[in-house]
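[1] Just to be clear, the model below is a prediction. Sequence and coordinates:
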Amino acid sequence: MKFIELKNVNKVYKNGVTALADVSVSISKGEFVFVIGLTASGKSTFIKMLYREERPTKGTVMVGGLNVGKLRNRKVFKLRRKIGIVFQDFKLLPKLTVYENVAFALECVGMKSKDIRPKVMSALERVGLKDKVRSFPGELSGGEQQRVCIARAIVNEPKLLICDEPTGNLDPKTSKEIMTVIDSINKDLGTTIIMATHDKDIVNRMKKRVLLIEHGILAGDYAKGSYKTNEGI
């Protein structure tokens, strides 16, 4: 089942820069896919298309049956409710506890208080932070803060988890731990994972499907386990 589909997608910014050129790709439900490429290759634009941070100039972007590029601004929330997003720089609310940061994602969609607690605790248990519910972000390590971000992203049980350089600010050991968590979400919950990364060691070790973007073009689509690089990405 094709869960994500881009057909002949072009993205040209107002300054004339072409970020994506005639990109077509399909991703099935439950896949784990790395999106790689050098800085300014177009991979961030590719990722942003999926959650409608950017619209295609031409072409079609479909996510879970929704034509993302055609969504009106007031309808974007319908897409975002189906998607969890993990960023490189955490984006936690510093004055809220770990529990409150994760619960906030459910409060925003109007969930009742009695239904929020079990979901939050389940998400925190999955990322290994059940004992940190009363801690504040400033009291946590970088790896722990990223685990909170992952818990917040999956607390609403999204079908798609988008990870934009989630290990970019972490050391190799912590990065490996974070990737173990993300991989378990894919395997245990069947969540589709799309992850942009520069970390060649992660890509080589995990042996997932790889999309290589170069100068806005989809330069390679490598089947699970078939891609290996010693070069910077």
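    All right, it came through fine.
[2] contacts, neighbours, all on C-alpha from now
    Noted.
[3] which residues touch the nearest residue to residue 138 once chain neighbours are set aside?
    The shortest distance from residue 138 to any residue other than its chain neighbours is 6.8 Å, reached at residue 94 (C-alpha to C-alpha, 6 or more residues apart in numbering). The contact partners of residue 94, taken as C-alpha atoms under 8 Å, 6 or more residues apart in numbering, are 136, 137, 138.
[4] Of the residues you listed, just the buried ones, ChimeraX syntax please.
    The buried subset of the contacts of residue 94, as determined by 16 or more other C-alpha atoms under 10 Å, is captured in ChimeraX by this line:
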select :136,137
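[5] JSON lines for the contacts of residue 94, including distance to residue 16 and pLDDT?
    Shown next, in JSON lines, are those (distance: C-alpha to C-alpha, whole Å; pLDDT from 0 to 100):
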{"residue": "136", "distance to residue 16": "43", "pLDDT": "97"}
{"residue": "137", "distance to residue 16": "40", "pLDDT": "96"}
{"residue": "138", "distance to residue 16": "41", "pLDDT": "96"}
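[6] Where strands are concerned, which of the contacts of residue 94 count?
    Among the contacts of residue 94, DSSP state E puts none in strands.
[7] List just the nearest of the contacts of residue 94 to residue 19.
    Of all the contacts of residue 94, the one sitting nearest residue 19 is residue 137; the distance, using C-alpha to C-alpha, is 34.7 Å.
[8] Return the alpha-carbon coordinates of the helix or strand containing residue 123 using CSV.
    Following DSSP states H and E, one finds residue 123 within helix 113-126. Extracted in CSV, the C-alpha atoms of helix 113-126 (Å, rounded to 0.1, in the frame of the first residue of the first chain):
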residue,chain,number,x,y,z
SER,A,113,-7.7,14.8,30.8
LYS,A,114,-8.6,11.3,31.8
ASP,A,115,-7.5,10.0,28.5
ILE,A,116,-4.3,11.9,28.3
ARG,A,117,-2.4,10.3,31.3
PRO,A,118,-2.3,6.7,30.0
LYS,A,119,-1.2,7.8,26.6
VAL,A,120,1.6,10.0,28.0
MET,A,121,2.9,7.3,30.3
SER,A,122,2.8,4.7,27.6
ALA,A,123,4.8,7.0,25.3
LEU,A,124,7.4,7.8,28.0
GLU,A,125,7.8,4.2,28.9
ARG,A,126,8.5,3.4,25.2
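[9] Where does pLDDT dip in this structure?
    Screening the chain residue by residue with the criterion pLDDT under 70, one finds the ranges 1, 231-232.
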